[in-house]
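Q: Sharing a sequence plus its predicted fold:
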Amino acid sequence: MIVPSSIAREQDILKLPVPKRPPRRTSRRIGIHTSIAGGIQNAAERAYRLGCSTLQIFSSSPRQWAPYDLSRPQCAEMRRLRERYDLKPLVIHTNYLINLASTNELFLKKSVEAFRGEVERALDLCADYLVLHPGSFRGANREEGLLRTSAAIAAATQGLDLAKGGLTILIENTAGAEYSLGGSFEQVAEVLQRLRGLVPIAACIDTCHTHVSGYDIVSEKGMREILVQLDATIGLKNVPVWHCNDAKAARGSRLDRHQHVGKGSIGPESFRRLLNDPRLAHAAFIAETPIDEPGDDRRNVATLKKLVAPAS
Ligand SMILES: [Zn+2]
Ligand SMILES: [Zn+2]
C-alpha cells in the first residue's frame with residue numbers, strides 16, 4: 001500500500017529545472033507511482049523527469065470515494081505526453097476503499113459503482129492496466145469471497161468494452177492479512193480463471209506482499225521456486241506489471257510496509273534477479289516506495305535502473 005502521508009512529503013519535481021538530457025533507457029520498463037497533483041497530465045511530466053519509462057497513478061483519491069474530475073483536455077494532454085516521452089504502460093491503481101468481496105450489500109454496491117468509475121476513467125485516459133486488490137471476505141469464507149469479487153468485477157464492467165480500449169484489469173497479490181484475499185498466487189489465479197473470457201484480466205505481483213505473505217523471495221533458490229509456482233498458477237506471461245517494493249517487515253509477517261528498493265528485508269539481489277530474468281522481459285517494474293526524504297522517488301527509480309544489466 002502506498003502511504004499518502006509520504007506522498008505529501010514529495011518534493012515537487014515539476015518545480016525543479018528540466019533535465020538537460022533525456023533519462024537513460026534500460027532494457028526493462030522502470031517506473032514509480034507518481035503524483036497527479038495539479039492535474040493528471042502532470043504525472044507524465046513528473047515521471048519523465050524522475051527518469052521513468054512507465055508510470056502508475058491514482059485516478060481518484062486513494063481514501064475517498066469522490067473521483068478526481070477528469071476533463072477531456074487533460075486526457076488528450078496525458079496521451080500526448082506519454083507519446084512524447086515514450087511512457088508505457090500507463091498503470092492506474094484503484095482506490096483502497098473499494099472492496100468487491102464485501103458481505104455488506106450497501107458497501108458492495110458502493111464498491112461496484114466506484115470500481116466502474118475507475119474502469120471508465122482508465123478507458124478515458126487510455127490506460128493499459130487497472131490494478132485492483134481482490135478484497136476482504138470478513139463475514140464469509142475465502143471461497144465465497146473469491147466468488148463475490150469475481151462476480152462484482154463482471155457486474156461492474158458490464159457494457160464497457162475494455163478490450164477495444166486496450167485496458168486489462170490486474171489482480172494484485174496481497175500481504176495476506178486476516179480476511180484479505182490474494183495472499184497466495186493460487187487465490188489470484190482463481191479470480192483470473194473465473195473472469196477469463198468475460199473481461200481482459202491478468203495479475204500484478206508485488207514483491208513486498210509476496211515476501212510478507214510467506215514466500216521466500218530473498219534466496220536464489222526461493223526466487224527460482226516462486227517463479228515456478230507463479231508460472232504454474234497465474235502464468236508468467238500473465239504478469240505484465242511487478243510492484244518493486246522492498247519490505248520493512250519480516251517474511252511471513254503479513255505486515256504491508258513498503259521500504260526503499262534494496263534497503264529492506266528483501267535486499268537488492270532479489271530485485272536484480274527479478275529485473276534480469278529473461279522470462280519477465282515483457283513486464284513493467286514499478287516502485288511504490290515511501291518518500292521519507294525529498295528525492296527518494298528519484299533514488300528508487302535510479303536504484304531499479306542500476307540493477308538492470310546493460311543490454312549485451
Ligand atoms: Zn503494499
Ligand atoms: Zn503494490
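A: Now that the structure is in, tell me what you want to look at. Ligands and ions are numbered 1, 2, ... in the order given.

Q: May I have stretch 197-213 exported as PDB, CA atoms only?
A: Output of stretch 197-213 as PDB, limited to C-alpha atoms (Å, rounded to 0.1, in the frame of the first residue of the first chain):
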ATOM      1  CA  GLY A 197     -13.400 -14.700 -21.400                       C
ATOM      2  CA  LEU A 198     -15.600 -12.100 -19.600                       C
ATOM      3  CA  VAL A 199     -13.100  -9.300 -19.300                       C
ATOM      4  CA  PRO A 200      -9.400  -8.800 -20.100                       C
ATOM      5  CA  ILE A 201      -7.700  -9.900 -16.900                       C
ATOM      6  CA  ALA A 202      -4.200 -10.600 -15.600                       C
ATOM      7  CA  ALA A 203      -2.100 -10.100 -12.500                       C
ATOM      8  CA  CYS A 204       0.200  -7.700 -10.800                       C
ATOM      9  CA  ILE A 205       2.700  -9.200  -8.400                       C
ATOM     10  CA  ASP A 206       4.100  -7.100  -5.500                       C
ATOM     11  CA  THR A 207       7.500  -8.200  -4.200                       C
ATOM     12  CA  CYS A 208       6.800  -6.800  -0.600                       C
ATOM     13  CA  HIS A 209       3.400  -8.600  -0.500                       C
ATOM     14  CA  THR A 210       5.000 -11.800  -1.800                       C
ATOM     15  CA  HIS A 211       7.700 -11.700   0.900                       C
ATOM     16  CA  VAL A 212       5.400 -10.800   3.900                       C
ATOM     17  CA  SER A 213       2.800 -13.300   2.800                       C
END
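
Q: got the buried residues for it?
A: Residues of stretch 197-213 classed as buried: 199-213 (neighbour count, 16 or more other CB atoms under 10 Å). C-beta coordinates here come from the backbone N, C-alpha and C atoms, glycine included.

Q: With stretch 127-142 instead?
A: Within stretch 127-142, the residues scored as buried using 16+ other CB under 10 Å are 127-137, 140, 142.

Q: burial measure for whatever residue of the stretch 201-312 of the chain ends up closest to ligand 1, as a count.
A: Using CB to the ion, the point where the stretch 201-312 of the chain gets nearest to ligand 1 is residue 256, with a distance of 4.2 Å. Here the number of neighbours of residue 256 (other CB atoms under 10 Å) works out to 21.

Q: For it, report the pLDDT, please.
A: You'll see residue 256 listed with a pLDDT of 97.

Q: And for residue 264, the neighbour number?
A: A total of 21 residues lie near residue 264 under the criterion other CB under 10 Å.

Q: What of residue 27?
A: 13.

Q: Also residue 73?
A: Under the neighbour criterion other CB under 10 Å, residue 73 is assigned a count of 10.

Q: State the helix or strand in which it lies.
A: Assigned by DSSP states H and E, residue 73 falls within helix 72-85.

Q: helices and strands around the helix or strand that comes right after that helix, which ones?
A: Once helix 72-85 ends, the next helix or strand along the chain (criterion: DSSP H and E) is strand 90-93. If contacts are counted by 3 or more CB pairs under 8 Å, 6 or more residues apart in numbering; DSSP states H and E, strand 90-93 sits against strand 54-58, helix 105-124, strand 129-132.

Q: what sits up against strand 90-93?
A: Strand 90-93 is contacted from outside by 2, 31, 33, 54-59, 62, 78, 82, 118, 121-122, 125-131, 170, 204, 241, 284, 286, 288, using CB atoms under 8 Å, 6 or more residues apart in numbering.

Q: Produce a PyMOL select command limited to the buried residues of those.
A: Applying 16+ other CB under 10 Å to the contacts of strand 90-93 leaves a buried subset, and the PyMOL line that selects it is:
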select buried, resi 2+31+33+54+55+56+57+58+59+78+82+118+121+122+125+127+128+129+130+131+170+204+241+284+286+288
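
Q: quick one on the thing from earlier: now, which of the buried residues of stretch 127-142 sits nearest ligand 2?
A: Of all these, residue 131 has the smallest distance to ligand 2: 7.1 Å, by CB to the ion.

Q: Could you pull up the residues touching the closest one?
A: Counting by CB under 8 Å, 6+ apart, residue 131 has contacts 56, 91, 92, 93, 94, 170, 172, 204, 241.

Q: Adding distance to ligand 2 and pLDDT as columns, could you present these in JSON lines?
A: Output for those, formatted as JSON lines (distance: CB to the ion, whole Å; pLDDT from 0 to 100):
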{"residue": "56", "distance to ligand 2": "9", "pLDDT": "98"}
{"residue": "91", "distance to ligand 2": "10", "pLDDT": "98"}
{"residue": "92", "distance to ligand 2": "13", "pLDDT": "97"}
{"residue": "93", "distance to ligand 2": "7", "pLDDT": "97"}
{"residue": "94", "distance to ligand 2": "11", "pLDDT": "96"}
{"residue": "170", "distance to ligand 2": "10", "pLDDT": "98"}
{"residue": "172", "distance to ligand 2": "6", "pLDDT": "98"}
{"residue": "204", "distance to ligand 2": "7", "pLDDT": "98"}
{"residue": "241", "distance to ligand 2": "9", "pLDDT": "98"}
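
Q: No further queries at this time; thank you.
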